[in-house]
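*Asks:* Structure, please.
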Amino acid sequence: MKKCLKYFVPCILLILIITNAFIIISGLKLSDEIYRFEFQTKNIKKQNSELEKKLYDASSLQYAASQAAQLGYTKNAPAYSLTVLKRARNR
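*Replies:* Below is the predicted model of the structure:
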């Protein structure tokens, strides 16, 4: 019995040490992945805020007016008077 315990206890301790080492290594890998995902998340948030600003700028009336000026749509349409309709109704 003593001979069995003499070999059994060191084997159990060796197995526990190896298991603990694997757990530590997997924890380090997991923390590296978490750091990488946090970095990507920060980059995506930054890009999102930049795109949101561009979207607000693109949907503003000032942007629409500047684009219309660049494309040559600055001519005013001729005004129509409603008095023409009154004359047509009186006939």
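
*Asks:* per-residue confidence averaged over stretch 69-89?
*Replies:* The average pLDDT within stretch 69-89 is 66.

*Asks:* hang on, I meant stretch 3-16
*Replies:* What stretch 3-16 shows for mean pLDDT is 87.

*Asks:* Tell me how far that stretch lies from the chain's centre.
*Replies:* Taking the mean of its C-alpha atoms, stretch 3-16 sits 53 Å from the chain's own mean (Cα atoms, centre = their mean, to the nearest Å).

*Asks:* Can I get that stretch as CSV, trimmed to CA atoms?
*Replies:* Below are the C-alpha coordinates for stretch 3-16, written out as CSV (Å, rounded to 0.1, in the frame of the first residue of the first chain):
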residue,chain,number,x,y,z
LYS,A,3,4.5,1.5,-2.4
CYS,A,4,1.3,2.4,-4.3
LEU,A,5,0.9,5.8,-2.5
LYS,A,6,4.6,6.5,-3.1
TYR,A,7,4.0,6.6,-6.9
PHE,A,8,0.3,7.6,-6.9
VAL,A,9,0.7,11.0,-5.1
PRO,A,10,3.5,12.4,-7.3
CYS,A,11,1.6,11.3,-10.4
ILE,A,12,-1.5,13.1,-9.2
LEU,A,13,0.5,16.2,-8.4
LEU,A,14,2.2,16.1,-11.8
ILE,A,15,-1.2,15.8,-13.5
LEU,A,16,-2.5,18.8,-11.5
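
*Asks:* quick one: buried residues of that stretch?
*Replies:* Buried residues in stretch 3-16, counting neighbours by 16 or more other Cβ atoms under 10 Å, are absent. Yep, even glycine has a C-beta here, placed from its N, CA and C like the rest.
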